[in-house]
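Q: got a predicted model here, sequence first, then my questions.
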Amino acid sequence: MDGIIVLDKPQDFTSFDAVAVVRGLTRERHIGHTGTLDPMATGVLPLLLGRATKAASLLPDTDKSYTADFRFGERRDTGDSTGALLETDETPVDRAALEAVLPQFTGDVLQVPPMYSAVSVNGQRLYKLARQGMEIERAARPVHIASLKLLDYNAAQRAGRLIVTCSKGTYIRTLIEDIAATLSTGGVMTALRRTAACGFTLDDAVSLDALKALRETGDFSGVLRPVEKLFAPLPAVHVTPAQGKRYLNGGALDFARCRSCGPEPGTGERVAVYSGGRFLGLAALDGGALRYVKAFAENI
C-alpha cells in the first residue's frame, strides 16, 4: 500500500501511537509520519505508507495552521494545561490590549523551545531532562509566523482562541507564553487543533473510527492520497518516456531538453519529475543537468 493517509489525530494519542494503530488497521508494515503532534493536540497528521515513507526526509518546508485555545493568569511547566501549575496571577487583560501586541509576533521572530519538547541539546532530548526536573539554557531559534489572528476572547475569563499559520518548528504553547509575558501575565495553551500541514487540510483528513470501518473490507483506496501531493510546492518538470527510464535508472537529464512548468529552478533546487502525467520522483538542478534525488515509481 503506497500513499498518504491524512489522519485526524484524536486527543491523547502520540504520533507514534497513531502510526501503530494505523499499521494494525491497514496491515502495512512501513508507515511513518511527517512530524510529531503533541498528545493533547488533534487534527491533521499525514501518515506515509509503503514507498511514500521515502519522502520523510525530503519534505519541502511548508507552513502549518492551527487553532489554539489559551488562558491567561497561570504558568505551567509544560506550557499547556496538562502540566504542573507553577504560578498564578490576577493581571487583567482586555481584548484591545491583546490585539495590540499580536503584530509583534508576526513575521520572523525568535522563539526559545520549551523544555518539554523533542529538541535535542548536546545529544539529549529536552523532554527527558525536563522529566528529571532539570532546566537548561536553550538558544532562541528563528521561526516565521505568517498569520496570527484572535478568533475569540472573553476578558472576564481571560481565555480565548487564536488562529495561527506558521513555519515548521514553531511551538504554539511558547507563542502563547510569549504573548502573555508581553502583557505582564502568564499564559497556557488549553487546546490545539492542527488544521493544515504538508499541503493537506482537515477536508483531507479521516478519523480513526472511519479507518476502523474500512478495515472490514480492507479497501483504503478512498482515503489514500498520492505521494506527489507532498511535493506540489516544487517546480514540475515533464520528461519523455525515454528520459523517464533514464531518470529511474539514476541517470542525469539535460534540463534544456525537459519541459518545465513555471520559473526555471535555481542551482541545487529540487523539482518534481513527471512523465505522461505520472509522478516519478525528485531531481535537483546541477549545472544544467537534472540529477537524480529519489524515485517513487519503480518503472515507466
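A: Here it is on my side, so go on.
Q: so which residue is smack in the middle of this structure?
A: Nearest to the geometric centre of the chain sits residue 197, at 4.7 Å (CA atoms, centre = their mean).
Q: that one and residue 113: what is the separation?
A: 19 Å (CB to CB, to the nearest Å). Quick note: C-beta positions are derived from backbone N, CA and C, even for glycine.
Q: check residue 66 too.
A: Taken as CB to CB, the span from residue 66 to residue 113 is 17 Å.
Q: who has more neighbours, those two?
A: For residue 66 versus residue 113, the count of surrounding residues by other CB atoms under 10 Å is larger for residue 66: 22 against 19.
Q: gap between the one helix or strand residue 192 maps to and the chain center?
A: Under the criterion of DSSP states H and E, residue 192 resides in strand 187-197. Centroid displacement of strand 187-197 relative to its chain, using CA atoms, centre = their mean, to the nearest Å, is 12 Å.
Q: immediately after that strand, which helix or strand?
A: Beyond strand 187-197 toward the C-terminal end (DSSP H and E), the next one is strand 200-201.
Q: listing partners with orientation, what would you give for that following strand?
A: strand 187-197 (antiparallel) (DSSP bridges).
Q: export the partner strand as PDB, just CAs?
A: The C-alpha coordinates for strand 187-197 follow below in PDB (Å, rounded to 0.1, in the frame of the first residue of the first chain):
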ATOM      1  CA  GLY A 187      -0.400  32.100  29.800                       C
ATOM      2  CA  VAL A 188      -1.100  28.400  28.900                       C
ATOM      3  CA  MET A 189      -2.400  26.600  25.900                       C
ATOM      4  CA  THR A 190      -5.600  24.700  26.700                       C
ATOM      5  CA  ALA A 191      -6.300  23.100  23.400                       C
ATOM      6  CA  LEU A 192      -4.700  22.700  20.000                       C
ATOM      7  CA  ARG A 193      -6.000  21.600  16.600                       C
ATOM      8  CA  ARG A 194      -3.900  21.400  13.500                       C
ATOM      9  CA  THR A 195      -6.000  22.400  10.500                       C
ATOM     10  CA  ALA A 196      -3.300  22.200   7.800                       C
ATOM     11  CA  ALA A 197       0.100  20.500   7.200                       C
END
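Q: can you count the residues close to the closest residue to residue 94 other than its chain neighbours?
A: Leaving aside its chain neighbours, residue 94 sits nearest to residue 155 (5.1 Å; criterion: CB to CB, 6 or more residues apart in numbering). If you count neighbours by other CB under 10 Å, residue 155 ends up with 15.
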